[in-house]
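Q: build the 3D model from these lines:
(chains A and B)
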2 protein chains.
Amino acid sequence: MEYYSGQIAKLIEELSRLPGIGTKSAQRLAFHIINMPGEQVEQLASAMVDARKNIRYCRECCTLTDQELCPVCRSQSRDHRTIMVVENPRDYAAYEKTGKYDGVYHVLHGAISPMLGIGPNEIRLKELMQRLQGDVNEVIIATNSSLEGETTAMYISKLIKPTGIKVSRIASGVPVGGDLENIDEVTLLRALEGRVEL
Amino acid sequence: MEYYSGQIAKLIEELSRLPGIGTKSAQRLAFHIINMPGEQVEQLASAMVDARKNIRYCRECCTLTDQELCPVCRSQSRDHRTIMVVENPRDYAAYEKTGKYDGVYHVLHGAISPMLGIGPNEIRLKELMQRLQGDVNEVIIATNSSLEGETTAMYISKLIKPTGIKVSRIASGVPVGGDLENIDEVTLLRALEGRVEL
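A: So this is what the prediction gives:
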């Protein structure tokens, strides 16, 4: 016995393929979509198709964008001699939201992970090394503070050191507003090691 | 400063309008969609648009379906003289999944809620009363066990009683596999009141 008619079942099935969306959420979303104004559904559907069709990698920094260069790489007011290396476009956006960083980015699209079989060739490292042949002052490594992120940071710094370009790593420590008692020991130790004189 | 290029921002915005999807999930979904095979994105998009366009209410039971009658109302092998009243199509599907109910349904599309300003006229009650003029043996009220669901059940039973048709309410009690110590007092009392002789 089918529980839903064909097109509802199809929509639920397609939605439940998305990451983090189980059968229950897919059902909830499907019925929401069916009750949405038709025009709004068309907008959502075409936003998906358009984005999928037109989004490509920025020629400079490899982030995802709908033009040849991303807004940051296009900007004249940014310091193109400082490159922040991040794992993915969301990290790029996270630093952009601070509004205080005025360098440019390089998006690796992943991190080195021997466990998952992701080596240096699977991420956008070659593109980074190519950029470093130009006029670059500093490379700031802002990969995640996870095992993979740290491995990647170490790997990149070893690769860049011989070129004489300055390499730095973003600080690791207690998050602002963080309550010490709720923070894991590794972070607490990192914060201690990285203490700054006042 | 824009964090994402236009089409990514548009997709994130459209996705974050869906219920239960915040900005973070919308970002995650958007990047997933951009990396999906183009064909799969087209399928998802057209499943949405098609469902929105073609889904309507079943002429008999008011559930959502893409044909004039839903699979259950169409079926010859179901007992069309027993009607189970549920709040929404998901509840219909939940009972269908048990595979043991062989009557038909009536979907109210909501429950009476004075708090939210939803009265008897805002749900599909008139349609139910019309169906009862035909050959009906029993009405099983399977609205949720919430304040609104109980109110609706009481209201419907008072409406049907004068017609002489049998009205019943699904049992309320401890869920199968439920651990007594984790169950709220109201449910425990309900289970006690509704005890069955062995």
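Q: A:Ala93 in helix, strand or coil?
A: Following DSSP: H, G, I helix; E, B strand; the rest coil, A:Ala93 is assigned to helix.
Q: torsion angles phi and psi at the residue nearest the centre of chain A?
A: Chain A has A:Asn88 as the residue nearest its centroid, 2.2 Å off, counting by C-alpha atoms, centre = their mean. Per-residue torsions, A:Asn88: phi -150, psi 170 (degrees, to the nearest 10).
Q: from A:Asn121, how far out is it?
A: Distance, A:Asn88 to A:Asn121, by C-beta to C-beta, to the nearest Å: 17 Å. Any C-beta I mention is one placed from the backbone N, CA and C, and that applies to glycine too.
Q: same thing with A:Ala153?
A: Separation of A:Ala153 from A:Asn121 (C-beta to C-beta): 17 Å.
Q: show me what the longest strand seen in chain A is packed up against.
A: Ranked by residue count, the top strand of chain A under DSSP state E comes out as strand A:79-86. Packing contacts for strand A:79-86, counted by 3 or more C-beta pairs under 8 Å, 6 or more residues apart in numbering or on different chains; DSSP states H and E, involve helix A:89-98, strand A:103-107, helix A:125-131, strand A:138-141.
Q: and the closest residue to A:Lys53 other than its chain neighbours, how many neighbours?
A: Closest residue to A:Lys53 apart from its sequence neighbours, by C-beta to C-beta, 6 or more residues apart in numbering or on different chains: B:Gly38 at 6.9 Å. Number of residues near B:Gly38 (other C-beta atoms under 10 Å in any protein chain shown) recorded here: 10.
Q: my read: B:Gly38 touches A:Arg52, true?
A: Yes: the pair B:Gly38 / A:Arg52 is scored as a contact, 5.5 Å apart, by C-beta atoms under 8 Å.
Q: gap between stretch A:72-83 and the chain center?
A: Relative to its chain's centre, stretch A:72-83 lies at 18 Å (C-alpha atoms, centre = their mean, to the nearest Å).
Q: that older thread, residues in contact with the longest strand of chain A?
A: For strand A:79-86, contacts defined as C-beta atoms under 8 Å, 6 or more residues apart in numbering or on different chains pick out A:61, A:73, A:92, A:95, A:101-108, A:128, A:131-132, A:135-143, A:156.
Q: quick one: buried residues of it?
A: Buried residues in strand A:79-86, counting neighbours by 16 or more other C-beta atoms under 10 Å in any protein chain shown, are found at A:80, A:82-86.
Q: any of the contacts of strand A:79-86 buried? List them.
A: Using 16+ other C-beta under 10 Å, the buried ones in the contacts of strand A:79-86 are A:61, A:73, A:92, A:95, A:101, A:103-108, A:128, A:131, A:136, A:139-143, A:156.
Q: would you mind checking the average pLDDT for the longest helix along chain A?
A: In chain A, taking DSSP state H as the definition, the longest helix is helix A:38-54. Per-region confidence: helix A:38-54 scores 92 on mean pLDDT.
Q: does anything pack onto it? Which helices or strands?
A: Against helix A:38-54 (3+ C-beta pairs under 8 Å, 6+ apart) you get helix B:6-16, helix B:23-35, helix B:38-54.
Q: what are the pairing partners of whichever helix or strand comes after the longest one, and which direction each?
A: Once the chain leaves helix B:38-54, the next helix or strand it forms, by DSSP states H and E, is strand B:56-57. Note on strand B:56-57: by DSSP bridges, its sheet partners are strand B:64-65 (antiparallel).
Q: got any ranges where chain A has weak pLDDT?
A: Along chain A, the model assigns pLDDT under 70 to residues A:1-2, A:197-198.
Q: run through the contacts of strand A:79-86 and flag the ones next to chain B.
A: Contacts with chain B within those, counted by C-beta under 8 Å from any C-beta of the partner chain: A:Tyr92.
Q: coming back round to it: now, of the helices and strands packed on helix A:38-54, which is deepest in the fold?
A: Comparing those by mean neighbour count (mean count of other C-beta atoms under 10 Å in any protein chain shown), helix B:6-16 comes out on top with a mean of 20.
Q: and A:Val167, what does it touch?
A: A:138-139, A:141, A:156-157, A:160-161.
Q: which strand or helix spans it?
A: Following DSSP H and E, one finds A:Val167 within strand A:166-169.
Q: now that strand: buried residues?
A: A:167, A:169.
Q: residues in contact with the very next helix or strand once past it?
A: Downstream of strand A:166-169, the first helix or strand assigned by DSSP H and E is helix A:185-193. With contacts defined as C-beta under 8 Å, 6+ apart, helix A:185-193 is touched by A:172-174, A:180.
Q: same thing with stretch A:53-66?
A: With contacts defined as C-beta under 8 Å, 6+ apart, stretch A:53-66 is touched by A:51, A:68-73, A:83, A:89, A:92, A:104-109, A:124, A:127, A:131, B:5-8, B:31, B:34, B:38.
Q: apply 7 Å and report the result again.
A: Applying C-beta atoms under 7 Å, 6 or more residues apart in numbering or on different chains, the set of residues contacting stretch A:53-66 from outside is A:68-70, A:73, A:89, A:92, A:104-107, A:109, A:124, A:127, B:5-8, B:34, B:38.
Q: okay, now A:Arg59: neighbour count?
A: Neighbours around A:Arg59, by other C-beta under 10 Å: 13.
Q: in which helix or strand would I find it?
A: Under DSSP H and E, no helix or strand contains A:Arg59.
Q: now stretch A:115-131, how far from the centre of its chain.
A: On the basis of C-alpha atoms, centre = their mean, stretch A:115-131 sits 15 Å off its chain's mean C-alpha point.
Q: what's the answer for stretch A:11-23, then?
A: With C-alpha atoms, centre = their mean, you get 23 Å for stretch A:11-23.
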